[in-house]
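>>> When you get a sec, could you give me coordinates for this:
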Amino acid sequence: MRRSRVIPSLVLALLAFVVAAPQARAQAVGGFDFDRAEVAATGLQVPWAIAFLPDGDALVSERGTGRILRVRPGQAATAVATISGLSASGESGLLGIAVSPTYAQDGWVYAYFTSTAGDNRLVRLQLSAPQTQTVIFSGVPSATIHDGGRLAFGPDGMLYLSTGDANNSANAQNLNSPAGKILRMTPAGGVPSDNPFPGSRVYSYGHRNVQGLAWDAQGRMYASEFGQNTWDEINQIVAGGNYGWPTCEGVCSGSSFRNPIVTWSTAEASPSGLAYANGTLFAAALRGQRVWAVPLTASGTAGTPVAELQGAYGRLRAAAVGPDGWLWLSTSNRDGRGTPVAADDRIVRVPPSGGGQDDTTPPSAPTGLAASGTTASGTTLGWTAATDDVGVTGYDVLRAAGASGGTFAQVGTTATTSYTDSGLTPATTYRYQVRARDAAGNLSPVSTTVTVTTAAQGGGGCTVAATVQTQWGGGYVIQPVTVTNTGTSAISGWTVTFTLPAGHAVTGSWNATLTTSGQTVTARNAAHNGALGPGQSTTFGFQASRPGDSRLPSGYSCA
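Reported below is the predicted structural model:
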């Protein structure tokens with residue numbers, strides 16, 4: 001009788017184990033195995049943003065120290081740059097960083113920070129000379145809270161920046177203020193001609209404090225946003241959209257406002273970083289101390305969110321999908337609001353489901369590669385999406401010079417099925433291929449090759465007109481400087497020269513590259529604005545210091 005009781009008990013225990021076993025694997029959500037998360041770096045000081053170099057190494061910003069660290073799993077993090085003129089207090093300091101999508105050609109790294117001048121501003125630098133930091137956009141209101149700060153390149157090659165309302169909710173609805181917005185600008189900091197509000201960097205408004213930006217495989221944009229006391233949000237962002245703050249928080253009743261695709265209580269979210277992979281958004285939650293995995297529908301709305309890593313690493317700030325196919329996260333336990341452990345702060349990596357090593361099947365090769373819109377300095381590539389059993393996470397764009405021979409080298413990456421390559425040489429032939437990457441890091445075969453020949457540089461003349469935007473005793477801003485093609489054929493580049501008064505010096509520029517020889521300044525077009533058709537214009541600007549006089553530059557000429 002006793003044996004008859006033991007055997008059923010054993011059977012029930014085994015059945016319970018069998019039933020429970022699938023639940024142990026339920027953490028593999030959105031293409032990532034959260035049960036196998038691992039720590040890649042320790043001992044950091046409030047890491048705020050993660051961006052990736054073409055070789056796969058991560059750049060990580062530290063909010064309070066102003067350092068940009070280079071992180072490689074299993075190795076000690078090393079400082080590669082320190083942002084100068086930093087003011088760090090409360091939520092302000094060094095915030096977003098981004099790597100140029102054409103880093104192989106230009107080497108630019110972008111950083112957004114709170115300055116000792118009392119504003120938030122954007123600089124770019126090169127790791128080969130990190131002490132040279134050029135301001136390309138400034139004047140964003142700053143505060144000890146609500147500074148926004150996420151910085152990312154979109155699939156269109158434009159640079160997007162989220163700003164907070166700087167603890168003044170009226171800023172969010174004021175289109176003349178850059179605060180409480182998502183801004184869109186050229187890689188040189190200028191205003192794109194197709195922005196929703198002419199002459200303005202504002203892309204969307206009515207935001208309280210956006211700290212996460214991401215794009216899905218169809219190129220749709222999403223943002224995570226902190227609520228005040230009730231609702232945190234993820235929104236699908238459209239050009240010119242008004243997202244309601246401070247009129248409403250969460251779902252708004254007015255038809256003029258766009259509603260979020262998902263909301264949480266502030267206690268379970270406070271979402272900061274945002275990443276996309278495998279049809280899913282991943283939001284890093286600070287107060288909620290978890291990752292929210294948000295499946296997206298075909299129309300871009302949200303399915304049922306799932307909480308991962310709840311309480312496992314404390315407050316989570318950044319989220320990014322690396323070239324290795326892993327989901328990278330940063331903790332924020334030393335920001336004054338967390339409970340740090342000895343290893344904090346940390347960089348955590350979550351592997352693709354299957355561990356990254358079990359899946360050895362590469363994606364199919366992209367098909368239908370074609371080029372369009374080719375000018376003297378650029379071309380746009382498009383192709384049909386690859387397929388994969390785990391999930392395609394992105395594409396590598398490869399380029400070789402000439403109609404034959406030579407070696408293909410990677411010139412960029414994209415999460416979508418299009419890519420614009422700029423900065424090309426007029427009347428030059430290039431060949432392109434594309435390959436896909438899956439969530440396990442496998443590479444597809446390359447696509448077929450498309451050959452592109454850029455247009456020859458056309459003749460024509462140009463004129464230049466400069467406007468003084470603002471001036472003070474110790475300096476001034478000249479903006480816009482308008483360059484117009486007055487010829488009868490297109491041009492692919494322009495050069496403006498002018499003379500600075502003695503004792504004056506250029507301290508920053510945007511939308512052009514400026515060099516100085518004595519008091520003569522030469523401004524050359526950026527990669528994106530050199531091509532001008534007959535009658536077309538573009539603009540750039542610069543800031544200069546002066547020794548307390550009222551003189552201004554003179555002798556502007558264009559060639």
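
>>> Report all helices and strands that the host helix or strand of Tyr476 contacts.
According to DSSP states H and E, Tyr476 maps onto strand 475-485. The helices and strands touching strand 475-485, judged by 3 or more Cβ pairs under 8 Å, 6 or more residues apart in numbering; DSSP states H and E, are strand 462-472, strand 537-545. Where C-beta positions appear, they are placed from N, C-alpha and C, glycine not excepted.

>>> Tell me which residues are up against the last one.
Same thing as strand 537-545. Contact with strand 537-545 is made by 135, 138, 188, 190-191, 469, 474-485, 496, 500, 504-512, 514, 521, 523, 525-526, 529, 532, 553, as judged by Cβ atoms under 8 Å, 6 or more residues apart in numbering.

>>> Tell me the buried residues within those.
Among those, those buried by neighbour count (16 or more other Cβ atoms under 10 Å) are 135, 138, 188, 190-191, 475-481, 483-485, 496, 500, 504, 506, 508-512, 514, 521, 523, 525-526, 529, 532, 553.

>>> coming back round to it: in its sheet, what does the strand holding Tyr476 sit against?
Using DSSP bridges, the strands paired with strand 475-485 are strand 462-472 (antiparallel), strand 537-545 (antiparallel).

>>> which of the ones you listed sits most buried?
Counting by mean count of other Cβ atoms under 10 Å, strand 537-545 has the highest mean neighbour count of these, with a mean of 21.

>>> following it, which helix or strand comes up?
Downstream of strand 537-545 (by DSSP H and E), the next one is strand 554-558.

>>> quick one: average pLDDT of that following strand?
On average, the pLDDT along strand 554-558 is 84.

>>> Can you check what angle separates that strand from strand 462-472?
140 degrees (axes from the mean of the first three to the mean of the last three Cα atoms, to 10 degrees).

>>> Which elements pack onto strand 554-558?
strand 462-472, strand 495-499.

>>> what angle do the longest one and strand 495-499 make?
Strand 462-472 and strand 495-499 are oriented at 50 degrees to each other (the same axes, to 10 degrees).

>>> Would you map the helices across the stretch 51-200 of the chain?
103-106 (DSSP state H, counting those that start in this stretch).

>>> Just the terminal-to-terminal distance for stretch 179-191.
One end of stretch 179-191 to the other measures 16 Å (Cα to Cα, to the nearest Å).

>>> In it, which residues are buried?
Buried, per 16+ other Cβ under 10 Å, within stretch 179-191: 179-191.

>>> Then stretch 37-52?
So stretch 37-52, judged by 16+ other Cβ under 10 Å, has buried residues 37, 40-41, 44, 46-52.

>>> same question, stretch 287-299
287-296.

>>> what separates it from the chain centre, distance-wise?
19 Å (Cα atoms, centre = their mean, to the nearest Å).

>>> now stretch 529-537
With Cα atoms, centre = their mean, you get 28 Å for stretch 529-537.

>>> what do you get for stretch 81-99?
For stretch 81-99, the distance to the chain centre is 16 Å (Cα atoms, centre = their mean).

>>> buried stuff in it?
Here stretch 81-99 shows 81, 83, 86-88, 91-99 as buried, counting by 16+ other Cβ under 10 Å.

>>> now do the same end-to-end measure for that stretch.
Start-to-end, stretch 81-99 (Cα to Cα) is 14 Å.

>>> what mean pLDDT does that stretch have?
97.

>>> if we can go back for a sec, return the member of the helices and strands packed on strand 475-485 having the minimum mean pLDDT.
strand 462-472 (a mean of 81).
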